[in-house]
Every structure is written in structure tokens, then in C-alpha cells.
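**Q** below are the sequence and a predicted model; questions follow.
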Amino acid sequence: MSVRDRTARDGKTRAVARSAGRMVATVTVVAAAGVTTVPAPAAAGANLAATTATSAPLATAATRASAATAARNGTAVTGATLATTAAQGGKPRWTVRAPFYREFARRGDQDTSASNIEHVRELQYRLHFSGAYNGPVTGYFGELTQKAVKRYQRREELRVTGVANHKTWERVIKDSVRARPKIPRGCKRGDGWHACYDRKRHQVTLWRGGSLRNAWLVRGGSSDLKTRLGAFWVYKRDIDHVSGLYGSPMPYSQFFSGGQAFHGSSLMTDPFSGHSHGCVNMYIEDARQLWALTSAKRLRVHVYGAWS
């Protein structure tokens, strides 16, 4: 879901601020159900904006405390998270930093543009990879997708709701990481953070201390501008970078080889359609999540696999 849509829907915003030692625009949406804090990259050349928010009258002390913690940490807390938070004494369990985080996906959701991604295409691909969905990948969560989610939940002995909630996302992301034996051993060794991009399968896996933390569907360079193979270190980060060659925004950029970087794409809606100029294109929300997890860490990058 886009930052603009969240703001329009729930109403009250505040830009708060700090990630890896620099100011980061974030949007805090305050509603009766809770508070959502979402770091938002500034548009090309734009300044970080700040507005004021007030607390919802129904917010409990636990939810307000969780919102404040989220604002300090630059994490996203959903209403569902805060409901869980309040019941468990005020400590958030599911934020953008949580392993395998995705927002809920339910019937009627739709990926309509690169700036309004509900992760429906990703869900359809992952259900297909897991053997629970044989329908078309459309980006619209309709009856076929709902039935597939229920089928998967039933098979995995999860609560059958037809909604891709946190537990469903966590299970299906783990299940749909493809060709695990081909993931370089260096990715899975027990030291630090490793982001591993498989060019053939359009997937990035994130590892910490030898444990899988998340995985995303992405796209890389074209046949004449391939993403370079090898092992690298992230050497430069820029939260609101704009390409000097193409003039296109590259939010949440983490550079690892020359001008090649992980970054959010303002053009990508389907990770298996089209290519970049060499960078690893991610959904903007996914790039934000990678940033939240690793922007203050030493990040080792592995690029492997045949070009596709």
C-alpha cells in the first residue's frame, strides 16, 4: 500500500526521523486501532516534510508506547500489531524489522502501480511456487487467490481465513525460496548479514548469522547491462538517491558494485517482467524493509546464477 494511500485513508500524519545517523522522512498514521510509522524516501530533490499528528482517543497506553518505540526505530506497526501489542504488555511482535514481514493481503487488494503495491503478485507467485495456486498472476486478489490461500493454510495446518496474515506470509516465504542448494555457502555461514541475489530466479534472500531472515522477489540488469556476479560489500548508502545517468529516483539505495545497488523501483510492478540498468530493483516497500534491517550494518552481497 502506498504511503499516500495510507495517509489519505487514516488521516493524521507526522514526519519523524532518524536512520543510520541521518534524517529520514517517515509517516505516522494515528487511528483508533493504532499507529503506523512508515519511512518515506523524499522525491527527487524534495525536502523532508514535517506535519503534526494527535493521538487517537481510543489508543491505550500500550499502543501509544509501541507507536513511540516504532517512531524512534523507524519501523512500521500495523493496527493488528498494536492489538497484539496491547494484549501482550506493550512490546511489538510484528514490525518491518520482523523476519518475513509483509502487510496483510486479502480479497479485493490489488497491485495497481509501482507506488501502490499490496504484494498480491508476490503472493500469487509464492503460492504457485509452493504448489497451492495454478491461476494467472494478475496482481488482483480475487476468488482464485483466496481459495489458494485457504488451500495453503489448510495444508500447512494454519488457521483457514483466506487472508494472508503474518503467519501465512512467514510460512509461504520460507516454502517458496527456490533452489536452496544453489545459494552460496557464504550466504549461510554464521557471521553477520548477507544479501544474496539469484539472477536466474529473481530472488534475494537475507541471512543473519546463518539464519534466513527474509526473501524478496526482484529483477536485475538486462542482457547488455547484467548485474555483476561476485561477492561484494555495501560501500555506500543513500535513502533518496537519484540516478545521475537516467534521472530516475532510486529510494533506499545500497550500492555494492560501482553504480549497481539494491533500491526501490518506481517502475516495477512485476519482478519477472522487464529489467534494470544493472541494479537490483525491489518493490519500494521491500527496499525500505531491507534498509531498516541493514542500513546501520556491514552488509555482504553475493550475486550468483545464470542471467534471466
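**A** Ah, there it is.
**Q** surely Tyr140 is in contact with Leu123?
**A** No: the criterion here is CB atoms under 8 Å, and Tyr140 misses it with Leu123 at 10.9 Å. All C-beta spots, glycine's among them, are computed from the backbone N, C-alpha and C.
**Q** of these two, who's got more company?
**A** Leu123 (28 against 18; other CB atoms under 10 Å).
**Q** in three-state terms, how would that one be classified?
**A** Here Leu123 takes the helix state, with states given by DSSP: H, G, I helix; E, B strand; the rest coil.
**Q** pLDDT below threshold where in this protein?
**A** Counting by pLDDT under 70, the chain has low-confidence residues at 1-93.
**Q** now for Tyr304: which residues touch it?
**A** Taking CB atoms under 8 Å, 6 or more residues apart in numbering, we find Tyr304 in contact with Lys182, Ile183, Pro184, Cys196, Tyr197, Asp198, Arg199, Leu229.
**Q** what sits against Leu212?
**A** Pro99, Lys174, Val177, Thr205, Leu206.
**Q** separate out the buried members of those.
**A** Buried by 16 or more other CB atoms under 10 Å: Val177, Thr205, Leu206, out of the contacts of Leu212.
**Q** the first one contacts Leu206, correct?
**A** No: with contact defined as CB under 8 Å, Val177 and Leu206 do not form a contacting pair (10.7 Å).
**Q** who touches both of those two?
**A** Leu212, Ala215.
**Q** counting contacts, what elements does the longest strand out of those in the chain pack onto?
**A** Longest strand of the chain, by residue count under DSSP state E: strand 249-257. On a contact count with 3 or more CB pairs under 8 Å, 6 or more residues apart in numbering; DSSP states H and E, strand 249-257 meets strand 230-233, strand 236-242, strand 260-264, helix 284-294, strand 299-304.
**Q** list the buried ones in that strand?
**A** Neighbour counts over strand 249-257 (16+ other CB under 10 Å) mark Pro249, Met250, Pro251, Tyr252, Ser253, Gln254, Phe255, Phe256, Ser257 as buried.
**Q** you'd agree the fourth one is up against Ala261?
**A** No: the pair Tyr252 / Ala261 is not scored as a contact, 9.1 Å apart, by CB under 8 Å.
**Q** so Trp207 sits right up against Asp191, yeah?
**A** No: with contact defined as CB under 8 Å, Trp207 does not count as touching Asp191 (9.9 Å).
**Q** more neighbours: which of the two?
**A** Set Trp207 next to Asp191 and count neighbours by other CB under 10 Å: Trp207 wins out with 24 against 12.
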